[in-house]
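> no letters, just coordinates:
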């Protein structure tokens, strides 16, 4: 689906990859509803996009089901019928082993990454099915197919997002709605700060072993995936390489990532 002239909704649009996806969609001629829990971030996105009335901002907590259910009507009122949904919003967990995580911390990660994504999908999908063509994109993670020490619950939610999206692809094959799932590797965003997570002592050393993708490049790859109607999109050389290794030798890839990232757990 070409995005020019389309109305697109982007969750997590107040920072990082989501902000740059908003800007990239605007650059390609779309009108965009940027959704985020932080109003200040949305103001920054609107200013950066510089698109006037082609960007509308909505401060919404995607874990709040009634607020999400009310969102489609609000977006239609501001921009018109919605043609595409891009779910970028997500958080990581504290860099701890599963046994060390508090139950409310686990629940928060599940609520944002899985339930929040499901809420927006169910809210917007009926409208997408009424359009001549539409697109639904959910961001998973390299951690959704490859275990990362200290991010097991995060990875579990992102693996669920992957299967949710692939299931939607199968369900929507005979409809005008295309479906994409995205697997970013390391992207240079402030996801730790936005998640309220402290940066572990070994993070810089572990992260230095991988070259990060810029949010701008990630956004271009994501929007390219929409326009090419691809099911799977891998963002960054690390995600593409680890996907290949994991498919050929899954046990070896697990040992490899454990050795390289174990400093995240001290």
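Done, it's in. Predicted model only: the values in this text are computed from it and were never measured.

> list the strands paired with the longest strand anywhere in the chain, with their directions.
The longest strand of the chain (DSSP state E) is strand 177-184. Sheet pairing of strand 177-184 (DSSP bridges) gives strand 134-139 (parallel), strand 232-235 (parallel).

> which residues are contacting the helix or strand just after the shortest one?
As assigned by DSSP states H and E, the chain's next helix or strand after strand 232-235 is helix 237-248. Counting by CB atoms under 8 Å, 6 or more residues apart in numbering, the neighbours of helix 237-248 from elsewhere in the structure are 142, 145-146, 183-186, 210-211, 213, 234, 252-253, 256-257. Heads up, the C-betas are built off the backbone N, CA and C, glycines and all.

> show me where the stretch 51-200 of the chain has its helices.
65-79, 103-110, 116-128, 152-171, 191-194 (DSSP state H, counting those that start in this stretch).

> got these as a markdown table, with mean neighbour count columns?
Shown next, in a markdown table, are those (neighbours: other CB atoms under 10 Å):
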| stretch | mean neighbour count |
| --- | --- |
| helix 65-79 | 16 |
| helix 103-110 | 15 |
| helix 116-128 | 20 |
| helix 152-171 | 19 |
| helix 191-194 | 17 |
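
> let's have the ones you listed in a markdown table, adding mean pLDDT and distance to residue 50.
Listed next are the helices of the stretch 51-200 of the chain as a markdown table, based on pLDDT from 0 to 100; distance: least, CB to CB, whole Å:
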| stretch | mean pLDDT | distance to residue 50 |
| --- | --- | --- |
| helix 65-79 | 98 | 17 |
| helix 103-110 | 98 | 34 |
| helix 116-128 | 98 | 26 |
| helix 152-171 | 98 | 31 |
| helix 191-194 | 67 | 23 |
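
> closest one to residue 225 among these?
Among the helices of the stretch 51-200 of the chain, helix 152-171 comes nearest to residue 225, with 12.0 Å by CB to CB.

> how far out from the middle of the chain is the closest one?
12 Å (CA atoms, centre = their mean, to the nearest Å).

> got the angle between that helix and strand 134-139?
160 degrees (axes from the mean of the first three to the mean of the last three CA atoms, to 10 degrees).

> output the contacting helices and strands for helix 152-171.
Judged by 3 or more CB pairs under 8 Å, 6 or more residues apart in numbering; DSSP states H and E, helix 152-171 is in contact with helix 103-110, helix 116-128, strand 134-139, strand 177-184.
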